[in-house]
Every structure is written in C-alpha cells, then in structure tokens.
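1. Predicted model, plus sequence, below.
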Amino acid sequence: MRAHATPRWLEDAVFYQIYPQSFYDANGDGIGDIPGIIRKLDYLSELGVNAVWLNPCFVSPFQDAGYDVADYYRVAPRYGTNRDLVRLFEQARRRGIRICLDLVPGHTSIEHPWFQASCRHRRNRYSDRYIWTRSVWDPGAPPLRFVNGYAERDGAYAINFFYCQPALNYGFARPDPRCPWQQPTDAPGPRAARAEIRRIMDFWLRKGAAGFRVDMASSLVKSDPGCDKTTLLWQEIRDWLDRRHPEAALIAEWGNPSQSIGAGFHVDFMLHVGVPGLPSLFFKGRNRHCFFDARGGGTISEFLGEYTRQQRNTPGGYISVPSANHDMPRPGWGRSQADLEVIMAFLLTWPGVPFLYYGDEIGMRFLPGLPSKEGGYGRTGSRTPMQWDGSRNAGFSSAPARKLYLPIDPQARRPTVQSQACDPRSLLSHVRRLIALRSHSPALGAKGKMTPVFAEPGRYPFVYLRERRGERFLVALNPPRRPVAVRLDAAALGEMRPELARGVAVSSRAGRSRISMAGASYGIFRLG
C-alpha cells in the first residue's frame, strides 16, 4: 500500500444531495430527471455549494428507488441518457461544482443480466458472482437472509436488503466448513466482483464524475465481524484509485468513520445507524428530548463524546454530519424557522464535510403517512418533490398531479425557493450567508480545529471554538426557546466581533465575557 493523499478540493467542499426523481422534472412526465438538474445548476451555484451527491441514476426496475441496479453503465431512461449525465458533469464543472455518483456495489437487481445468468442451471461465468447455497432446500446460515424457489438453479440466493437485491459475492472472511457454498475472498467469483467495481468506477470517472458515495460500504465481505477483509478490499481499491484517479472522492455509507477512513475512504457520515450520536442531535436518542429541541432537556454529551472519539481515530479523512438524507426524517419536521436557523448554524460551522439534503435549505418538512413508493416505506416522506415556487406542483413538474412521482406537500404555506430567494430574513438567505462565511474562512472549514468551550451535560448553550491559520471563531448555540447565559474567560477569547448572530448579546466584566442568549438563538463571533 502506498501513502494516501486526500483530494484537496474536499477541504473546501459543501455537498448538496439530490434525489433525482424528486428534484426537477424537465420533460413533464412527473419524474425528476438529469436535464432538470442541469436547469437548476445556477440555483446551486447561487446557494454556494460546490459538490453534489446524486442518488442512483442507473437502469433499474426501481423496486428500491434505484438501489437495485440492472445496468451500472447506462443511465435509466426516465432520467435521460449517458450523454445527459456527461453534460451534467460538464455544465456543473463550469460553475465550479463537482458531481459524485451513488455506487451500489453490494447487490444488484434480480433483473440484472449477471443475476439472470447466475440463475441458470448450467454453470457459466456468472454462477459465482452471487452467493448461492448448493440446494434449494438449504436455507442458508444467519445472519444472512436467503430466497429460494426463484430460479431454475438448485439453490437459494442471499439478499442484502429486499428480495429483489441479491448479494454480490465478495467471499466470506471466515468460511464455515459446514457451509461449503461459502467461498473465501480470494476465490474466482469474489475476485471478479472486485474487478468489476474498478471497471464501473473507471468508466464514470473517465466521463467526468468526481467520485462516488458508496452504498452499504461495510457490507461486502460476509462473516467479517471486524470488517478486516472488507477493509483490505477497500484499501486495494483506494490504492488503485490514487494511481488512476487521484482527485476522485470516495465517500462511505459506513456509519463508523474510525473504520471506514482506515479502509481508504475520504469521508464517512455519522448517521442514524452505525456509531451512536447523531440521533441525540435531531431525534429522541436515549433521552426524552434531543439536543436541538425547542423544549430543551437534551444534551450535547452523547453526540460530542462519540464525535470526539471518532475524530481521534480518523487521521487523513473527514467526518460528515448531514442535515438529513433519503433514509431519515428531515430536520424541518415539527420545527420553526428559528429552530432550523440554529441547526444550520451548527451544521455549517462544524468541522468535516457538510452535506445538505435537497430542500433542507428552505425548511421542507417530512410528510408522514405517505404510501410507500419504490421501497421507501417509512422513508417515503423524506423524498417528496422539491418546492420551487407557488405555481402548480410547486414548480416541480408540469405533469398532472396524479402523475407526480410523489405528492407535493399539501400545506398551504409550504416553503418555496421563490418565496425565500429575495427575502434576507428567510432560511434560504441564512444558509447562503453561512456557506459564504464558511467558504471564505479556513477556521470554519473541514480542517479547522474544534475545541469545546462550554459543553456541560444536560445544559445549554453549546459553545465551541474553531481555529486555523491564525483565524479563530467562537460559535454559540441555544436551541431551546428559553434564554440562557454563560460566562467565559475574556482574556482567552479576546475581542468578539459578531459575523452572524441572532438573539445574542456579549458583555464583559472583571475579566469575564458574558454571552446572553435568547431562546432559539445562535452567534458566530470572529475573535481578535
């Protein structure tokens, strides 16, 4: 293994996650598409983001919203063509925006030609591309789940998620001799699967992709409780990537940065799954209240303790705390604009690489109770169409409402880009200011040092210091709708000049600075 370098552009990256079927429909069929994303690139540029994570856009039967790929080398017709995707890469680059694709290496659709070939009775080059038992009557071994009776082949196939997502065969770290169908990681089938990942990545990187967010990145090698063999697999890929495409980003859906960064990824997330911490920020977590709760009663300790531990163990990589994603509720669910402004002040002044989920910058809400769409089930409410303006279908599509991919938020005063774009008091304007401040301030960027200044368990506010290249900022956050105050060492802080703040006052006396904060307030201070 060679020494690895992290692409320089990630240090200044602010990502925007686009769920393509819900972003903008350019052809009026009710489903968002790639030409629609191209039309909205100027909006992304004005927002200030400089990178995009695009959810799967490849050929698929869409039984799991595109995470059931039937052709890794071709864009799904409902989104456009390969030429459209290349045009998106080119048009985005002209605006200083990089596009990262979603790579699903752990499984395919049952409609993928590889799997159809693997289902045949007669052996062929794809027979070992998936995990099969040796008899249809062999139910397999937990914790894997299996489907039998599907194919002419006498065997049951392992799945990663839904029945329609057969697991690709990367081998078993500890093959069980009682299960002779469990192949070692160096068997021909697993070697072919690893080689195919590189071919797929190389194909799209040569066409202009900036990198990949990797779905279920820790799940490839089976019977690998410490992820040791999975780590070796990704380290080999990272070594190849550094030689062939050194500027390409590798972003994990692993949920454990201390493992994934060591495995060769540049970025990993703290998520609602994996290591603990994130739910305690936005959801109930172990306590009755989360930290960003208007009623108070939460604590920063659970998140901060895990984040600090992860940060110590991730040299050379970045941790992301996303605003949300397609698998979790949006922060706008049940929160006011004031609440969301505090959350955005946190997300965009925190170290690592920030990811904004489409629509969170205007406060789109999670819609509970929607019927499942393309395997969304309880996640469907986070995938509704982007709300652009006050016209029909919120400007998302010219199609009849019945043809929309998902229904528009029916709320009469639903937030839109149009209503917020020119309002300096809007959430969208607030997010633009935060991104601009971060982009021009090394201390607030991915590599800036973070030091907690006031982070008492069960108490508010949360105050932390960001430092880099002689620049220092103090950030104070008070999510509850009750006032609080904290006294800090004035000599250590120096002069405090507010850059962005609401509801915060600073006074000094006897060598102490007092920060008085109204309910749902924040302050970002440049320190002299």
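-> That came through fine. Note that the coordinates shown come from a computational prediction; the quantities given were computed from them, not determined experimentally. Residues are numbered from 1 along each chain as shown.
2. And the pLDDT for residue 285?
-> The model reports residue 285 with a pLDDT of 50.
3. hang on, I meant residue 18
-> pLDDT, residue 18: 99.
4. Show me where the stretch 201-350 of the chain has its strands.
-> 211-214, 249-252, 267-269, 318-320 (DSSP state E, counting those that start in this stretch).
5. just these: most buried one?
-> With neighbours taken as mean count of other C-beta atoms under 10 Å, these reach their highest mean count in strand 267-269, at a mean of 29. The way it works is simple: take the backbone N, C-alpha and C, and place the C-beta from them, glycine included.
6. Now that strand: average pLDDT?
-> Rounded mean pLDDT across strand 267-269 is 98.
7. what do you get for stretch 349-356?
-> The model assigns stretch 349-356 a mean pLDDT of 98.
8. measure it end to end?
-> 13 Å (C-alpha to C-alpha, to the nearest Å).
9. One more: stretch 60-80?
-> Span of stretch 60-80 from end to end, C-alpha to C-alpha: 13 Å.
10. list the buried ones in that stretch?
-> For stretch 60-80, a neighbour-count test (16 or more other C-beta atoms under 10 Å) marks 60-72, 75-76, 78-80 as buried.
11. before we move on, what about stretch 308-322?
-> Those would be 310, 311, 314, 317, 318, 319, 320, 321, 322, for stretch 308-322 by 16+ other C-beta under 10 Å.
12. again with stretch 278-291
-> 278, 279, 280, 281, 282, 283, 285, 289, 290, 291.
13. Could you find the lowest-pLDDT member of the residues you listed?
-> Where pLDDT dips furthest among those: residue 285, at 50.
14. show me the contacts for residue 228.
-> residue 173 (C-beta atoms under 8 Å, 6 or more residues apart in numbering).
15. Any figure for the gap between the closest residue to residue 247 other than its chain neighbours and residue 192?
-> Spatial nearest neighbour of residue 247, chain neighbours left out: residue 7 (4.9 Å); criterion: C-beta to C-beta, 6 or more residues apart in numbering. Residue 7 sits 29 Å away from residue 192, going by C-beta to C-beta, to the nearest Å.
16. Show me the longest strand that occurs in this structure.
-> strand 512-527 (DSSP state E).
17. I'd assumed residue 521 was in contact with residue 504.
-> Yes: here residue 504 lies in contact with residue 521, judged by C-beta atoms under 8 Å, at a distance of 5.4 Å.
18. More neighbours: which of those two?
-> Each of residue 504 and residue 521 has its neighbours counted (other C-beta atoms under 10 Å); residue 521 has more, 26 against 21.
19. and the helix or strand of the chain with the lowest mean pLDDT, what other elements does it pack with?
-> Every helix and strand in the chain was compared by mean pLDDT, DSSP states H and E; the lowest is helix 490-493, with a mean of 87. Contacts defined by 3 or more C-beta pairs under 8 Å, 6 or more residues apart in numbering; DSSP states H and E place helix 490-493 against strand 512-527.
20. tell me the contacts of residue 38?
-> Counted by C-beta under 8 Å, 6+ apart, residue 38 has contacts 26, 84, 87, 88, 91.
21. go on, residue 274?
-> Contacts for residue 274 were tallied using C-beta under 8 Å, 6+ apart; they are 254, 255, 256.
22. Could you check how far it is from residue 218?
-> 8 Å.
23. re earlier: among the buried residues of stretch 60-80, which ones are in helices?
-> Using DSSP state H, no member of those falls within helices.
24. so what's the residue lying closest to residue 275 once chain neighbours are set aside up against?
-> Leaving aside its sequence neighbours, residue 275 sits nearest to residue 256 (C-beta to C-beta, 6+ apart; 5.1 Å). With contact set as C-beta under 8 Å, 6+ apart, residue 256 has these partners: 218, 268, 274, 275, 310.
25. And residue 212, by the same measure?
-> Residue 212 neighbours (C-beta under 8 Å, 6+ apart): 100, 101, 102, 103, 201, 204, 248, 249, 250, 251.
26. so what's the fourth one closest to, chain neighbours aside?
-> Nearest residue to residue 103, sequence neighbours excluded (C-beta to C-beta, 6+ apart): residue 212, at 4.1 Å.
27. what ranges of the stretch 351-500 of the chain fall below the confidence cut-off?
-> In the predicted model of the stretch 351-500 of the chain, no residue satisfies pLDDT under 70.
28. where do the strands sit along it?
-> Counting by DSSP E, counting those that start in this stretch, the strands of the stretch 351-500 of the chain are 355-357, 449-454, 462-468, 471-478, 484-489, 496-509.
29. same for the strand or helix carrying residue 196, what does it pack against?
-> Here residue 196 is covered by helix 188-207, with elements defined by DSSP states H and E. Contact partners of helix 188-207 among helices and strands, from 3+ C-beta pairs under 8 Å, 6+ apart: strand 71-75, helix 82-94, strand 98-103, strand 211-214, helix 228-244.
30. Quote the end-to-end distance of stretch 132-146.
-> 9 Å.
31. And stretch 139-159, by the same measure?
-> 12 Å.
32. before we move on, the earlier item: CA atoms only for the longest strand of the chain - export them in CSV, please.
-> C-alpha atoms of strand 512-527 as CSV (Å, rounded to 0.1, in the frame of the first residue of the first chain):
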residue,chain,number,x,y,z
ARG,A,512,-15.1,37.5,32.1
SER,A,513,-17.3,37.7,29.0
ARG,A,514,-21.0,37.0,29.4
ILE,A,515,-22.9,35.6,26.5
SER,A,516,-26.6,36.2,26.9
MET,A,517,-28.8,34.2,24.5
ALA,A,518,-32.5,34.4,23.8
GLY,A,519,-34.5,31.3,23.0
ALA,A,520,-33.6,29.6,19.7
SER,A,521,-30.5,31.8,19.1
TYR,A,522,-27.0,31.5,17.7
GLY,A,523,-23.9,33.5,17.5
ILE,A,524,-20.8,33.2,15.3
PHE,A,525,-18.1,35.5,16.5
ARG,A,526,-14.7,36.3,15.0
LEU,A,527,-12.1,36.5,17.7
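33. which neighbours does that strand have in its sheet, and in what orientation?
-> Partner strands for strand 512-527, per DSSP bridges, with pairing direction: strand 471-478 (antiparallel), strand 484-489 (antiparallel), strand 496-509 (antiparallel).
34. and the first one, how far out from the chain's middle?
-> Mean-position distance between strand 471-478 and its chain equals 25 Å (C-alpha atoms, centre = their mean, to the nearest Å).
35. And for the longest one?
-> The chain centre lies 33 Å from the centre of strand 496-509; the measure is C-alpha atoms, centre = their mean.
36. Show residues contacting that strand.
-> 338, 341, 345, 430, 433-434, 437, 473-474, 476, 478, 490, 513-528.
37. Report the mean confidence score over stretch 225-245.
-> Stretch 225-245 comes out at a mean pLDDT of 97.
38. ugh, wrong one, I meant stretch 148-166
-> Rounded mean pLDDT across stretch 148-166 is 97.
39. for it, which positions count as buried?
-> Result for stretch 148-166 [16+ other C-beta under 10 Å]: buried residues 148, 151, 153, 155-162, 164-166.
40. can you put those in TSV and add distance to residue 46?
-> Below are those laid out as TSV (distance: C-beta to C-beta, whole Å):
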residue	distance to residue 46
148	53
151	51
153	54
155	54
156	52
157	48
158	46
159	43
160	39
161	37
162	38
164	39
165	38
166	43
